[in-house]
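K.L.:
Give me a 3D structure for the following:
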Amino acid sequence: MTAPVVLSISSQVVYGPVGNSAAVPALQSLGVTVMALPTVVLSNHPGHGAPVRVPLTADDLAALLDRVLAGGWMAGLAGVLTGYFSDADQVEAVAERLARIRQGAPAIKILCDPILGDDHTGLYVPLPVAEAIRDRLVPLADIIAPNRFELAWLSGNAVGDADQAVAATRGLTPALTLATSIPAAGGVVSTMAISRDAVARVETRRRPAVPHGTGDLLSGLYLGHLVTGASPHDALTAAMTRLEAVLDRSEGRPALDLGALIAP
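P.N.:
Model prediction:
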C-alpha cells in the first residue's frame, strides 16, 4: 500500500528540533512520506539564544509551492500541516494555494497549528501574523492544534478548564480541535480532541519544564495517526503515548531527544 503523503509548512532549525525539525520526524516515524517546506531557516530556537535567520519571503513560498503543484507531485496528498509563519504575506500565499489544493483534493486533512503565543509571553508573533492565521488558515483547516493561550485568543473566550476549552471551540470553524495544556486538578494537564459531538481527553503530569518543540511534535504525531487511518480518539491516545516517551527521554535536556520515536 502506498504511504500517505503530508505537506508540512513551518520553520526549520539546525539545532534543537522545533517546527518542521520536530514534525517531520514524527510523521516519518509513522510511515508517512513528507514534503517539507520551511517558512524560515534558523540556527536554533530563540530560547537557546539569538538565532541566525535565513528567511523565505512570501514570493519564495509561492514559487516553491507552485513548482511542486505544477510538477504533479502532490498527487495522493493525504494531509497538510501548517505551523510557524514569520509574516502575514507568507500566510496569505500559503492560504491561497491551500484553497486551490483543497478544490482538487477535498478529502485531505489540513491541520493548522496556530503558533501565536503562550501563557508565559502572550503573543510572540506580530499581531498581523496572528490575525492572518486566525482569518485565513483556521477557516481552511479541518483540525487546529492550539495551546490554552492560543485557543483563548482565537475564540475570544476564557479557557481555564476542560469545560471552557470545549465551549471555546464551538464558535470556531474547524470540525476538530486538538487542545493542549488545558489546566486540570491535581497537578496534571489535559490534552483534548474536541469534535462537534465527542470529546476525548488524556491527562498527563504537569512537567516543570519541557524542551521547545513539544507542540510541533504532537501535531506531527496526531496528523500522522489520522492520515494512517486512526480515529480522532485513537489518534490522541497513540500520539500522547509517543509524545510522553519522547518527553521522558528528554527530561533534563536542553532539546527534545527524538530517539524514542524509533523505539518499538
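
K.L.:
Residue 78 in helix, strand or coil?
P.N.:
strand (DSSP: H, G, I helix; E, B strand; the rest coil).

K.L.:
That one is in contact with residue 109, isn't it?
P.N.:
Yes - contact criterion C-beta atoms under 8 Å: residue 78 and residue 109 qualify, at 6.8 Å. Where C-beta positions appear, they are placed from N, C-alpha and C, glycine not excepted.

K.L.:
So between those two, which is more surrounded?
P.N.:
residue 78 (21 against 18; other C-beta atoms under 10 Å).

K.L.:
Could you count how many residues lie near the residue nearest to the more buried one when sequence neighbours are not counted?
P.N.:
Among residues not flanking residue 78 along the chain, residue 4 sits closest, at 3.7 Å (C-beta to C-beta, 6 or more residues apart in numbering). As a burial measure, residue 4 scores 23 neighbours (other C-beta under 10 Å).

K.L.:
Quick one, grab the pLDDT at residue 4.
P.N.:
pLDDT for residue 4: 95.

K.L.:
what sits against it?
P.N.:
31-33, 76, 78-79, 227-228 (C-beta atoms under 8 Å, 6 or more residues apart in numbering).

K.L.:
Which neighbours do residue 78 and residue 109 have in common?
P.N.:
residue 227.

K.L.:
Show residues contacting the longest helix along the chain.
P.N.:
Criterion DSSP state H: the longest helix present in the chain is helix 232-250. For helix 232-250, the external contacting residues (C-beta under 8 Å, 6+ apart) are 26, 29, 176, 178, 191-193, 195, 198, 200, 202, 204, 207, 210-211, 214, 217-218, 221-222, 224-226, 230, 256-261, 263.

K.L.:
Emit the ChimeraX select command for whichever of those residues are buried.
P.N.:
In ChimeraX, this line selects whichever of the contacts of helix 232-250 come out buried by 16 or more other C-beta atoms under 10 Å:
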select :26,29,176,178,191,192,193,195,200,202,211,214,217,218,221,222,224,225,226,230,256,258,260,261
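
K.L.:
now, which of the contacts of helix 232-250 lie within helices?
P.N.:
Going by DSSP H, the helices hold 26, 29, 214, 217-218, 221-222, 224-226 from the contacts of helix 232-250.

K.L.:
tell me which of these is nearest to residue 48?
P.N.:
Nearest to residue 48, judged by C-beta to C-beta, of these is residue 214 at 14.9 Å.

K.L.:
quick one: that closest one and residue 256 touch, right?
P.N.:
Yes - between residue 214 and residue 256 there is a contact at 7.1 Å, judged by C-beta under 8 Å.

K.L.:
number of nearby residues for residue 146?
P.N.:
By other C-beta under 10 Å, the burial measure for residue 146, its neighbour count, is 29.

K.L.:
Make sure it is actually in contact with residue 111.
P.N.:
No - with contact defined as C-beta under 8 Å, residue 146 does not count as touching residue 111 (11.3 Å).

K.L.:
Now for those two: what residues contact both?
P.N.:
With C-beta under 8 Å, 6+ apart, residue 146 and residue 111 have common neighbours residue 178.

K.L.:
Might you report the residue contacts of residue 84?
P.N.:
Contacts of residue 84 by C-beta under 8 Å, 6+ apart are 10-11, 19, 39-40, 115, 125.

K.L.:
6 Å instead, please
P.N.:
Residue 84 is in contact with 10-11, 19, 39, 115, counting by C-beta atoms under 6 Å, 6 or more residues apart in numbering.

K.L.:
Same check on residue 53?
P.N.:
Contacts of residue 53 by C-beta under 6 Å, 6+ apart are residue 42.

K.L.:
of all the ones in helices among the contacts of helix 232-250, which two lie farthest apart?
P.N.:
The most distant members of those, if one measures by C-beta to C-beta, are 214 and 226, lying 18.7 Å apart.

K.L.:
List the residues that contact the residue most central in space within the chain.
P.N.:
Note on the chain: the residue nearest the mean C-alpha position is residue 113, at 3.4 Å, using C-alpha atoms, centre = their mean. Each residue near residue 113 by C-beta under 6 Å, 6+ apart is listed here: 83, 145, 219.
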